[in-house]
Structure formats: C-alpha cells, structure tokens
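Participant: next one to model:
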Amino acid sequence: MSQRFEIWVQDDPQALLRVVGLFAQRSLIPETMTVRRADDTLHVALVAELDAARADILVARLREGVMVIAASRHDAGAALDGAPPARMDSGTGMPSPARGYDRASASEPQQIACPPHQIRL
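Facilitator: Have a look, this model is predicted:
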C-alpha cells in the first residue's frame, strides 16, 4: 500500500539528504517527492510503497532526526492540506517561541500560507 509522508525540517542543505537517506537505507525509492520552502522551514511530501507497520517505524526514525521538526504518515489516498504542525507560528511559518519546541504536539495541523517552491523527482 502506498503511504504519504509529511515531513517538516529546518531549511538546511543537509536536511533533505538526511530524509531521503532514511528511505534509501530501507531500499525504498519514493514514487513522488515534493519540497516547499517557507522561510526557514522545508515541507517535504513523499509517497512510497510500503506497509503501514514499516511506515510507522520510518516515521519514528524521521522524528529522531536532528533537523526534523515534525513527521507524519497517511494512506496515500488521504487528502492533505500541507499545513505545518500546530506549534508553527501562523505569521512566520516558524516554530512559535511562546510554545517552544515540542515534538509531541506535531500532530495538530494549522493553516499558513506557504509560497510554492516545488521539486518533483
């Protein structure tokens, strides 16, 4: 079954390579990959073919990444809005200083405007 991964990482040249590297370590080639840049944050959306159990393990590994702000997985058919985690400030798209950095609150999305800068593989 195809799984869609939503990953928010710091805007760093190494961050994208580290995300894709976790897929490569498992011999997975993403079907699609989209990257959008918003200030100092990158939103990575990937679709890959793997079962839900392996996808959950991969998301857990992604969340352990140094530059990863948040990561989640959904069935590929689910509609997603690409909104960042709730701890992101709606005006800047950056982590909210009032709430601090908390990976546990990453599952609640919030709408913000992100200028599209997309790379498709």
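
Participant: so which residues of the chain form helices?
Facilitator: With helices called from DSSP state H, the chain shows them at 13-25, 52-63.

Participant: got the angle for the longest one vs helix 52-63?
Facilitator: Right, the one you point to is helix 13-25. Calculated by axes from the mean of the first three to the mean of the last three CA atoms, to 10 degrees, helix 13-25 forms an angle of 150 degrees with helix 52-63.

Participant: could you pull out the strands for the chain?
Facilitator: In the chain, the strands defined using DSSP state E lie at 2-10, 32-38, 41-49, 68-75.

Participant: save these as a markdown table, and put in distance to V59 too.
Facilitator: Where C-beta positions appear, they are placed from N, C-alpha and C, glycine not excepted. Below are the strands of the chain laid out as a markdown table (distance: least, CB to CB, whole Å):
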| stretch | distance to V59 |
| --- | --- |
| strand 2-10 | 7 |
| strand 32-38 | 16 |
| strand 41-49 | 11 |
| strand 68-75 | 5 |
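
Participant: redo those strands as CSV? Include mean neighbour count.
Facilitator: What follows is the strands of the chain, written out as CSV (neighbours: other CB atoms under 10 Å):
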stretch, mean neighbour count
strand 2-10, 21
strand 32-38, 18
strand 41-49, 20
strand 68-75, 20
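
Participant: adding mean pLDDT, write those out as JSON lines.
Facilitator: Shown next, in JSON lines, are those (pLDDT from 0 to 100):
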{"stretch": "strand 2-10", "mean pLDDT": "95"}
{"stretch": "strand 32-38", "mean pLDDT": "94"}
{"stretch": "strand 41-49", "mean pLDDT": "95"}
{"stretch": "strand 68-75", "mean pLDDT": "94"}
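
Participant: for A24, find the nearest of these.
Facilitator: For the strands of the chain, distance to A24 was read as CB to CB. The smallest value, 11.0 Å, belongs to strand 41-49.
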